[in-house]
Every structure is written in C-alpha cells, then in structure tokens.
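> the following comprises the amino acid sequence and a computationally predicted model.
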Amino acid sequence: MVKRLVGNIGRASFVTLGSIASGVAVAALG
C-alpha cells in the first residue's frame with residue numbers, strides 16, 4: 001500500500017515536471 005502511494009506520488013511529480021518542462025520549452029521557443 002505504501003509502495004503504491006509512493007508510486008502514485010512519483011508518477012504525479014514526473015508528469016508535473018514534464019508539464020513544466022514542456023511549458024518552459026514552449027515559452028522559450030515562442
């Protein structure tokens with residue numbers, strides 16, 4: 001259960017970082 005929670009948090013943070021990175025890339029290119 002704890003492992004599942006950590007996995008969900010890791011996935012959420014990974015998606016968040018990906019969104020931020022893509023946003024920065026779009027801002028830099030735009």
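Received the coordinates, thanks.
> can you show me the helices along this protein?
Under the criterion DSSP state H, helices of the chain are mapped to 2-29.
> point out where it drops to low pLDDT.
For the chain, applying pLDDT under 70 flags no range at all.
> what is the neighbour count of residue 23?
10 (other Cβ atoms under 10 Å). Glycine gets a C-beta too; all of them are placed from N, C-alpha and C.
> ugh, wrong one, I meant residue 28
Other residues close to residue 28 by other Cβ under 10 Å number 7.
> what residues are up against it?
By Cβ atoms under 8 Å, 6 or more residues apart in numbering, no residues touch residue 28.
> ditto for residue 8
Counting by Cβ under 8 Å, 6+ apart, residue 8 has no contacts.
> measure residue 4 to residue 10 for me?
11 Å (Cβ to Cβ, to the nearest Å).
> scratch that, residue 30 is what I was asking about
For residue 30 relative to residue 10 (Cβ to Cβ), the value is 30 Å.
> same question, residue 18
Applying Cβ to Cβ to residue 18 and residue 10 gives a distance of 12 Å.
> great, nothing more from me.
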